[in-house]
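1. Kindly generate the corresponding structure for this input.
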Amino acid sequence: MTIAFFDFDGTITTRDTLWEIIRFQKGSVRMYAGGCWLLPALIAYKCKLIPAQQMKEKVLAHFFGEMTEPDFAARCADFCTQRLPQLIRPAALKAIRQHQQEGHQVVVVTASVRQWVAPWCTALGIDCISSALDVQQQRITGKLAGANCNGAEKVRRIRQQFNLDNFREIYAYGDSSGDKPMLAIAQHAYFRLF
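-> Numbers count the residues shown, from 1 in each chain. Now for the predicted structure:
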């Protein structure tokens, strides 16, 4: 058996989808206003003074904190059909379909939150491993449930879901330092191919 792991943001898509889902759900004016509000934290993140998970949680809490999860998920499903197709790299989609035609299992492994990636994956018939939102009493807290699915966490989640010894060949596609641990487990590793 053969399996192919694809990073999502920047590998399959042309840009980070976190800000795109914010723009889609809240509009450009609120997105930029929120960006100004979050600017001190964003600068601290860029200076590596706060970790990626903490930054992501600040963004999620600011824009989606206290939103009901069903409402959020419904808008994410709309995003997957209305906006996301414009962000998909044709060459990445071609590679996914080629793996599928050859009978390979295809899995998206992403730090993005499940709600705005999984519906697209389901439509293509591929699996999705992602970060998860913490939800209490159907409301988004702004925290992640568990670790951000990036770097070594990607490999930990892959091994949690798959016994890699069962696969004769492993492919992996990524575009950032957060993908390098995942690329390291593959015989066929592609960095910024698309």
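2. Can you pull the poorly scored residue ranges out of the chain?
-> Filtered on pLDDT under 70, the chain yields no residues whatsoever.
3. Which residue ranges of it form helices?
-> Under the criterion DSSP state H, helices of the chain are mapped to 17-26, 28-37, 39-46, 52-64, 69-82, 90-101, 118-124, 152-161, 180-184.
4. How far away from the center of its chain is the strand ranked longest in the chain?
-> Ranked by residue count and defined by DSSP state E, the top strand of the chain is strand 105-113. Taking the mean of its C-alpha atoms, strand 105-113 sits 6 Å from the chain's own mean (Cα atoms, centre = their mean, to the nearest Å).
5. by contact count, what packs against that strand?
-> Helices and strands in packing contact with strand 105-113 are listed as strand 2-6, helix 52-64, helix 90-101, strand 127-131, helix 152-161; criterion 3 or more Cβ pairs under 8 Å, 6 or more residues apart in numbering; DSSP states H and E. Heads up, the C-betas are built off the backbone N, CA and C, glycines and all.
6. what angle separates that strand from helix 17-26?
-> Computed by axes from the mean of the first three to the mean of the last three Cα atoms, to 10 degrees, the angle separating strand 105-113 from helix 17-26 equals 70 degrees.
7. Strand 105-113 pairs with which strands?
-> Paired neighbours of strand 105-113 in the sheet (DSSP bridges): strand 2-6 (parallel), strand 127-131 (parallel).
8. And the ones you listed: which comes nearest Gly103?
-> Proximity of those to Gly103 was assessed by Cβ to Cβ; the nearest stretch is strand 2-6, lying at 7.5 Å.
9. Give the buried residues for the longest strand of the chain.
-> For strand 105-113, burial by neighbour count (16 or more other Cβ atoms under 10 Å) applies to 106-113.
10. list the contacts for the residue of the chain most remote from its centre?
-> The centre of the chain is farthest from one residue, Arg168, which by Cα atoms, centre = their mean lies 26.1 Å away. Contacts for Arg168 (Cβ atoms under 8 Å, 6 or more residues apart in numbering) come out as 1-2.
11. Compute the distance between it and Val106, please.
-> Using Cβ to Cβ, to the nearest Å, Arg168 is found at 16 Å from Val106.
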